[in-house]
Every structure is written in C-alpha cells, then in structure tokens.
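Colleague: dropping a prediction and its sequence here:
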Amino acid sequence: MGRHELSPIIENSEALTLELETCDPWLWTFFRDFHYKTKSISSTARTFVLHHNGRLVGFSATIKQMGGGYRAHRTVILPSWQGLGIGSRLSDSVAQLHSLEGERFLAQTVHPRFGSYRDNSQFWKPTEWNHNVNKYKIESWKHRRANVKVKLQVPKFIYSHEFIGPQDEAAGEYFRKHRMVLY
C-alpha cells in the first residue's frame, strides 16, 4: 500500500506534515495503553501507523466487516498529539484507502467529539444505528455467538457511520487539500 501523506495541519504557523503507512501489528504495543476500550487488537487486523519525522503519532487498525467491507477497529492518537484534529484525519485517510480498494468502510465510536465530527462531515453518512443507546455490551466473539450480553451500568450513546468519501470534484479537491494527499 505504501506511504501516504495527510494534508498539512497548521500548528503555531507551521505546516505539520504527517505520513501514514501500513505497519506490523506489533506497533500496537506503543499505543494500546492510550486506547479507552481494550489493550488487544484482532489477529486479523490491517494496521496503519502515522508518524511525523520518524516520531510515532497515531495508529489505526481495521478488520473485515461481516457482510463485506471493513470497519474501524482501533484508532489512537498519542496524548501529546491530541487536540489537533489528527484523529479525524487519520480516520478519513484510512477509510479513503479502503474505499480506493473498492471496499465499503464503516466506523462506530462512543467518543462524542469523534462522533460529532462524522455527523457533520460530508465524507460520512449515518448508518441506521447512529445515535442509538447501547444498554448492553458483548464481551467476546464467544459471547456474540452464544448471544450473551452484559448489562452496562451506564448506557453508551453510539455514533455509527459509513464512509462515502468525496462525492464530486469540489469535495475531492477539498479532501486532497485538507484531509489527505495520496502519492
């Protein structure tokens, strides 16, 4: 898949150029302690790392979706890089890479800022599960197959979207200029 560049982010009047590339899953070990959900990733995950001048910035993993396509599995931006809009750019870029391969791409989150970004983005559309409230969680694939659910103490508001990417030339130009540059 090679390297890809996310569009520059302006930080302190300087453009910040980030590079995205596929990586070995073991790189997850540098990011797992910063993920809110779990410390593991699927053994079947496709993994991507984001870096700036050789310094780790972010990580994304995707897995095959039942019924076809892929879905976001883990997205992490290291704490010192958070708050710059990097997470949404990483998500858009990974989704676009799958889209360019002809794959459908879905994403779900409980993070309000991340979910709100997708709610308002022209590159994502809500799925039928967007803005649902989950009262139960499923702990594992074994539980999923057995239909075992664990009641949550605090229900979670879910954001659920499908990546549709740029829909016209103007949106494509915006995407290339502000979200991701392919080379």
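Modeller: On my side now, so go ahead. Given the structure is predicted, the values throughout are model-derived calculations rather than measurements.
Colleague: contacts, neighbours, all on C-alpha from now
Modeller: Will do.
Colleague: okay, now the sheet partners of the helix or strand encompassing I158, with direction.
Modeller: Taking DSSP states H and E as the criterion, I158 maps to strand 150-163. Using DSSP bridges, strand 150-163 pairs in its sheet with strand 105-109 (antiparallel), strand 124-126 (antiparallel), strand 132-137 (antiparallel).
Colleague: for the residue lying farthest from the centre of the chain, report the pLDDT, please.
Modeller: Most distant from the centre of the chain: A146, at 28.2 Å, with distances by Cα atoms, centre = their mean. The per-residue pLDDT reported for A146 equals 80.
Colleague: before we move on, what about the one 3 residues further on?
Modeller: Reading off the per-residue confidence, K149 sits at a pLDDT of 77.
Colleague: how far off strand 105-109 does the longest helix along the chain point, in degrees?
Modeller: Longest helix in the chain, counting residues (DSSP state H): helix 86-100. Between helix 86-100 and strand 105-109, the angle comes out at 150 degrees (axes from the mean of the first three to the mean of the last three Cα atoms, to 10 degrees).
Colleague: who touches helix 86-100?
Modeller: Residues outside helix 86-100 that contact it (Cα atoms under 8 Å, 6 or more residues apart in numbering): 6, 48, 50, 58, 60, 70, 75-77, 104-105, 114, 117, 123, 163, 165, 179-180.
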